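Chemist: What follows is a predicted structure for the sequence shown.
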Amino acid sequence: MTRVKRGTTTHKKREKLLKQTKGFLWGRKSKTRAAKEALLHAYSHAFRARKEKKRTFRRLWNVRINAALHNNGTKYSSFIHALKQNKIALNRNVLSQMAQDHPETFAKLVKRVSKPQKEARESTPKNNTKEAKQPENRTQSSGTPDALGKEPANKD
């Protein structure tokens, strides 16, 4: 079997590793063992940060949409609900950009979506049509006040 010298492969591997740690401080950019350790931590932080980035942008979009809706006199939750009821599939990123860059178009969308909601509420009959029952006169047989704190009516 022939002898295989691994110097070039190891050198390439080390150079690739050190190229990735460019900009790290102290020996973490120049010493192979420290660089490997630094990269392991950097990869895990980068993975976590990619997930957090999605969260922070969604929060930003929600704030922007809410601010624009506040100017149009609508609540965020009712607007999102109305979008789903009307089967309008616009994500929060697009809504945020529309609210920020094209407020007139966003206002039209809010009016279009909010209109059927208001009409639906007005067309349904209200349960408050019956008159409220008058409370009974609660008196005890003795002369003490009842549980409601009312004095008993005089029988004289």
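Modeler: Okay, I see it. Residues are numbered from 1 along each chain as shown.

Chemist: Please count neighbours and contacts with C-alpha atoms only from this point.
Modeler: OK.

Chemist: Any idea which residue is closest to the centre of the protein?
Modeler: Centroid-nearest residue in the chain: Arg59, 5.3 Å away (criterion: CA atoms, centre = their mean).

Chemist: Output the contacting helices and strands for the lengthiest helix in the chain.
Modeler: For the chain, the helix with the greatest residue count under DSSP state H is helix 32-71. Counting by 3 or more CA pairs under 8 Å, 6 or more residues apart in numbering; DSSP states H and E, the packing neighbours recorded for helix 32-71 are helix 7-20, helix 76-85, helix 92-101.

Chemist: hey, which of the ones you listed is tucked in deepest?
Modeler: Per-stretch averages of neighbours, counted by mean count of other CA atoms under 10 Å, single out helix 92-101 among those, with a mean of 17.

Chemist: Please state the offset of it from the chain centre?
Modeler: For helix 92-101, the distance from its own C-alpha centre to the chain's C-alpha centre is 15 Å (CA atoms, centre = their mean, to the nearest Å).

Chemist: tell me the mean pLDDT over that helix?
Modeler: Confidence for helix 92-101, expressed as mean pLDDT, is 97.

Chemist: got a list of contacts for it?
Modeler: For helix 92-101, contacts defined as CA atoms under 8 Å, 6 or more residues apart in numbering pick out 58, 61-62, 64-65, 68, 105-106.

Chemist: Name the spans of the protein whose pLDDT lies under the cut-off.
Modeler: Residue ranges of the chain with pLDDT under 70: 116-156.
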